[in-house]
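Trainee: After the sequence you'll find the predicted model.
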Amino acid sequence: MNPATQGAPAQSMKVYISADMEGVAGVVGREQLGPQGFEFSQFRKFMTGEVNAAIEAARDEGAVVKWHCSHTSGRTLMPEAAQALIREKVRAGLRRRGELNPFRIEAPLTLDLTYKNDQAAELIAYLPNVERIDNHRVRFVGSIVDISMFIEMALGYPRAMA
């Protein structure tokens, strides 16, 4: 444990780790990602090693850690190199936490969405809080959560109507 964090209250820092198989060092194809894949068992071990490396480094800095698995993709390293890099970067980041300010997005936010088809813009403009800007563009104003939900709905809505 880092001497600077010894004796600190256990709840002084919380770290949330999100991991996915696609980002695990060495993954290059789908056959490594699912239970039917011939290398799935090996890459589960690699993922566990990488997550454990991050947890170990965070705990060394006095953090309480929670984690989960998710889906996304990224470039990969060899497992040993990835775990060493994870430990190094987690420790460095946690040591600098006092220097960093979280990025905050202040509401309301404005989203302008342009459709290729003017009929899609016309349909979506009938929804509450949606303003039609021109033939192909609409505007939605709300919180980051509202905008996220609107994007999910707005990108699928015109296709569902086709």
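Mentor: Cool, the structure landed. Residues are numbered from 1 along each chain as shown.
Trainee: low-confidence ranges in this structure?
Mentor: The chain contains residues with pLDDT under 70 at 1-12, 67-78, 157-162.
Trainee: How are the helices of it distributed by residue range?
Mentor: Secondary structure of the chain (DSSP state H): helices at 40-60, 79-95, 118-124, 144-161.
Trainee: So what's the gap between the third one and the chain middle?
Mentor: Right, the one you point to is helix 118-124. 31 Å (CA atoms, centre = their mean, to the nearest Å).
Trainee: Which elements pack onto that helix?
Mentor: The contact analysis (3 or more CB pairs under 8 Å, 6 or more residues apart in numbering; DSSP states H and E) places helix 118-124 against strand 130-132, strand 137-142, helix 144-161. The C-beta positions use only the backbone N, C-alpha and C, and glycine is treated the same way.
Trainee: Export these as a markdown table, with columns for distance to F38 and mean neighbour count.
Mentor: As requested, those are arranged in a markdown table below (distance: least, CB to CB, whole Å; neighbours: other CB atoms under 10 Å):
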| stretch | distance to F38 | mean neighbour count |
| --- | --- | --- |
| strand 130-132 | 48 | 15 |
| strand 137-142 | 46 | 18 |
| helix 144-161 | 35 | 13 |
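Trainee: Identify whichever of those lies nearest to V90.
Mentor: Closest of those to V90 is helix 144-161, at 26.3 Å (criterion: CB to CB).
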